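Undergrad: Any chance you can model this:
(one chain, ligands or ions: 1)
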Amino acid sequence: GAMEESAVRRCCLGWDFSTQQVKVVAVDSELNVYYEDSVHFDRDLPEFGTQGGVHVHKDRLTVTSPVLMWVQALDLILEKMKASGFDFSQVLALSGAGQQHGSVYWKAGASQALMSLSPALPLHQQLQACFSINDCPIWMDSSTTAQCRLLEAAVGGAQALSCLTGSRAYERFTGNQIAKVFQQNPEAYSDTERISLVSSFAASLFLGSYSPIDYSDGSGMNLLHIQEKVWSQACLAACAPHLEEKLGSPVPSCSVVGAISSYYIQRYGFAPGCKVVAFTGDNPASLAGMRLEEGDIAVSLGTSDTLFLWLQEPIPALEGHIFCNPVDSQHYMALLCFKNGSLMREKIRDDSASCSWSEFSKALRSTEMGNSGNLGFYFDVMEITPEIIGYHRFNAENVEVSAFPGDVEIRALIEGQFMAKRIHAEGLGYRVMPKTKILATGGASHNRDILQVLADVFGAPVYVIDTANSACVGSAYRAFHGLAGGTDVAFSEAMKLAPDPSLAATPSPGASQVYEALLPRYAELEQRILSQSGRALE
Ligand SMILES: O=C(CO)[C@@H](O)[C@H](O)CF
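TA: Numbering: from 1, shown residues only. Next up is the predicted model:
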């Protein structure tokens with residue numbers, strides 16, 4: 001009735017400034033998502049001429065996005081929300097996410113403009129002259145290989161940099177991008193009073209002043225000492241001069257960084273006490289949205305497969321990325337990317353299951369766990385984890401063979417993909433625990449027979465979750481967590497009202513015996529293939 005409709009619906013907002021769009025969700029105090037909206041850069045802001053939200057430059061290595069497009073997208077989405085009658089006065093707090101690694105360069109004097117925004121005007125008209133670089137480097141850029149080599153050399157090599165910052169040097173990581181800006185555009189660099197990540201840039205828009213960089217997204221820069229949670233002086237010095245003063249000090253990801261700027265109170269009707277909780281990277285925010293807990297692992301089965309790990313004691317390596325954990329600042333998270341994901345599964349489905357997923361599933365059901373000792377490695381494109389390409393099949397005696405029968409091939413592909421995931425996750429310090437849950441998402445997570453193999457290989461139950469808005473939802477959850485007291489309250493405690501994921505598969509009896517025997521063989525054969533290709537670990 002009328003009372004319910006008009007009843008106070010306190011909420012938190014979760015934002016996502018991603019590569020292709022700005023998205024927002026409203027989550028009520030029972031942790032239900034009841035509103036969402038989005039602005040797509042290509043479709044809604046065509047004057048910027050982006051494709052997929054980005055500009056790929058002629059050198060095909062440099063990839064940027066216009067910062068004023070992100071600013072204008074926020075104007076648009078707030079106008080859309082206002083036009084739809086969204087009641088901003090009910091927003092208790094907001095947080096958000098940004099595509100990782102991208103960097104925003106605020107021009108000297110910009111903080112004045114941020115602090116004195118006129119509520120009569122949209123943001124983009126007032127921030128036009130606030131950026132020393134208008135085309136921001138983003139995660140798809142791969143033009144900084146030289147800067148990566150210099151940074152690794154400056155700290156004693158790739159493994160040393162990984163121990164210090166959680167990753168070897170990667171072209172997209174922000175420190176290397178800042179180094180390139182300093183080297184190629186020194187005037188712009190010296191005219192820069194503040195450098196933000198996309199996440200802390202977005203938070204700054206809501207704050208009306210510069211928001212600090214959070215530990216978790218800051219871990220994606222090759223600059224933050226992830227154990228000490230301070231900028232590494234050696235990394236800063238190797239990238240650019242006077243960098244620390246342009247970055248400001250990093251903060252725990254659950255920090256309340258301030259109250260919303262009066263600009264939003266006057267222009268949109270936000271409540272004066274609305275809090276801003278530090279924004280973070282889209283992947284850390286997704287970990288929060290999936291409500292990953294200690295011992296859990298999230299497997300996103302997409303074009304490439306991505307693992308989200310919760311780590312207590314990370315083992316930095318030359319593959320994968322370790323970040324400070326966004327919801328527990330004493331712990332860590334890791335990302336591991338496996339490039340041969342669904343495209344590889346579809347290829348084997350076409351070649352060995354006559355293009356049919358039901359034939360594919362039948363083959364999995366008609367073959368035994370362990371595949372009678374047959375093992376396969378299937379990489380149509382150069383794999384990232386580890387760097388292997390091609391098909392490699394071995395029989396129970398570890399003899400390489402050129403082919404398997406169709407159904408053996410199908411099980412060898414799926415068992416191999418999941419054994420690789422477990423082996424490389426454990427290489428970063430992940431350990432399956434009695435309370436471990438595997439959260440599966442993405443296309444292949446709709447195939448129950450594939451999930452059964454996942455449960456068997458890990459010896460843990462598999463749950464299916466929907467992660468369509470996970471970065472936004474995770475940001476709204478983090479806003480509630482920040483409101484509830486952040487570091488003093490366990491995130492899982494703040495999340496106890498959220499809906500539970502649905503159980504999809506539990507390990508078959510005898511699974512752990514089968515894979516405890518197979519996993520070391522798989523690891524050994526992987527090393528054999530690597531050494532034959534001259535890429536084995538020393
Ligand atoms: O580079 C990445 C993570 O390291 C991507 O997932 C970006 O965060 C996507 F925005």
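Undergrad: Moving along the chain from the helix or strand of the chain with the lowest mean pLDDT, name the first helix or strand you hit.
TA: The helix or strand of the chain with the poorest confidence is helix 2-6; it has a mean of 48 (mean pLDDT, DSSP states H and E). Counting by DSSP states H and E, the next helix or strand C-terminal to helix 2-6 is strand 11-17.
Undergrad: what helices or strands is that following strand leaning on?
TA: Contacts defined by 3 or more CB pairs under 8 Å, 6 or more residues apart in numbering; DSSP states H and E place strand 11-17 against strand 21-28, strand 91-98, helix 198-207, helix 282-289, helix 470-484. Every residue, glycine included, has its C-beta placed from N, CA and C.
Undergrad: what's the closest of those to the ligand?
TA: The ligand lies closest, by CB to the nearest ligand atom, to one member of the helices and strands packed on strand 11-17: helix 282-289, at 4.9 Å.
Undergrad: What ranges in the stretch 401-538 of the chain fall below the confidence cut-off?
TA: Under the criterion pLDDT under 70, the flagged ranges of the stretch 401-538 of the chain are 535-538.
Undergrad: where do the helices sit along it?
TA: With DSSP state H, counting those that start in this stretch as the criterion, the stretch 401-538 of the chain has helices at 406-427, 448-458, 470-484, 491-494, 511-532.
Undergrad: show me where pLDDT drops low in the stretch 1-150 of the chain?
TA: Using pLDDT under 70, the flagged stretches of the stretch 1-150 of the chain are 1-7.
Undergrad: ok, now with 90
TA: 1-9 (pLDDT under 90).
Undergrad: got the residues of it near the ligand?
TA: Listed as neighbours of the ligand in the stretch 1-150 of the chain under the rule CB under 6 Å from any ligand atom: Ser18, Thr19, Gln99, Gln100, His101, Trp139.
Undergrad: Relative to Leu123, how far out is the third one?
TA: When you say that, I think you mean Gln99. 19 Å (CB to CB, to the nearest Å).
Undergrad: Repeat that for the fifth one.
TA: The gap separating His101 from Leu123 is 24 Å, by CB to CB.
Undergrad: and the residue of the stretch 101-250 of the chain found nearest the ligand, helix, strand or coil?
TA: Residue nearest to the ligand within the stretch 101-250 of the chain (CB to the nearest ligand atom): Trp139, separated by 3.7 Å. Following DSSP: H, G, I helix; E, B strand; the rest coil, the label given to Trp139 is coil.
Undergrad: For Ile348, what is the enclosing helix or strand?
TA: helix 342-352.
Undergrad: Now do that helix: which elements does it pack against?
TA: Helix 342-352 packs on helix 357-365, strand 375-379, helix 406-427, going by 3+ CB pairs under 8 Å, 6+ apart.
Undergrad: Geometric centre of this protein: which residue is closest?
TA: Nearest to the geometric centre of the chain sits Asn283, at 1.9 Å (CA atoms, centre = their mean).
Undergrad: Tabulate the helices and strands packed on strand 11-17 (a markdown table), appending distance to Glu409.
TA: Below are those laid out as a markdown table (distance: least, CB to CB, whole Å):
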| stretch | distance to Glu409 |
| --- | --- |
| strand 21-28 | 39 |
| strand 91-98 | 39 |
| helix 198-207 | 42 |
| helix 282-289 | 33 |
| helix 470-484 | 33 |
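Undergrad: Can you tell me which residues in the stretch 201-350 of the chain are near the ligand?
TA: Gly220, Gly281, Asp282, Asn283, His321, Leu335.
Undergrad: now, the most widely separated pair of the residues you listed?
TA: For those, the farthest-apart pair by CB to CB is Asp282 and His321; their separation is 13.2 Å.
Undergrad: which of the two has more neighbours?
TA: Asp282 (26 against 23; other CB atoms under 10 Å).
Undergrad: Which pLDDT does the model give the more buried one?
TA: With respect to pLDDT, Asp282 scores 97.
Undergrad: Would you check that it makes contact with Ala471?
TA: Yes. Look at Asp282 against Ala471 with CB atoms under 8 Å: they come within range, at 4.4 Å.
Undergrad: shared neighbours of those two, which are they?
TA: Asp16, Ser18, Ala97 (CB atoms under 8 Å, 6 or more residues apart in numbering).
Undergrad: Write the ChimeraX selection for whichever of those residues are buried.
TA: With 16 or more other CB atoms under 10 Å as the criterion, this ChimeraX line picks the buried residues out of the shared contacts of Asp282 and Ala471:
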select :16,18,97
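Undergrad: mind checking the SS state of the closest residue to Leu223 other than its chain neighbours?
TA: Nearest residue to Leu223 in three dimensions, chain neighbours excluded: Gly175, at 4.4 Å (CB to CB, 6 or more residues apart in numbering). Of the three states, Gly175 takes helix according to three-state DSSP.
Undergrad: number of nearby residues for Gly175?
TA: 30.
Undergrad: For it, list the residues it contacts.
TA: Counting by CB under 8 Å, 6+ apart, Gly175 makes contact with Leu151, Met221, Asn222, Leu223, Cys235, Leu236, Ala238, Cys239.
Undergrad: Please, which helix or strand holds the nearest residue to the residue nearest to the centre of the chain once chain neighbours are set aside?
TA: Residue nearest to Asn283 in three dimensions, not counting chain neighbours: Leu335, with 5.8 Å by CB to CB, 6+ apart. In the assignment (DSSP H and E), Leu335 maps to strand 332-338.
Undergrad: Pull out the buried residues from that strand.
TA: Tyr332, Met333, Ala334, Leu335, Leu336, Cys337, Phe338.
Undergrad: Check the gap between the fourth one and Asp296 for me.
TA: By that I understand Leu335. From Leu335 across to Asp296, the span is 14 Å (CB to CB).
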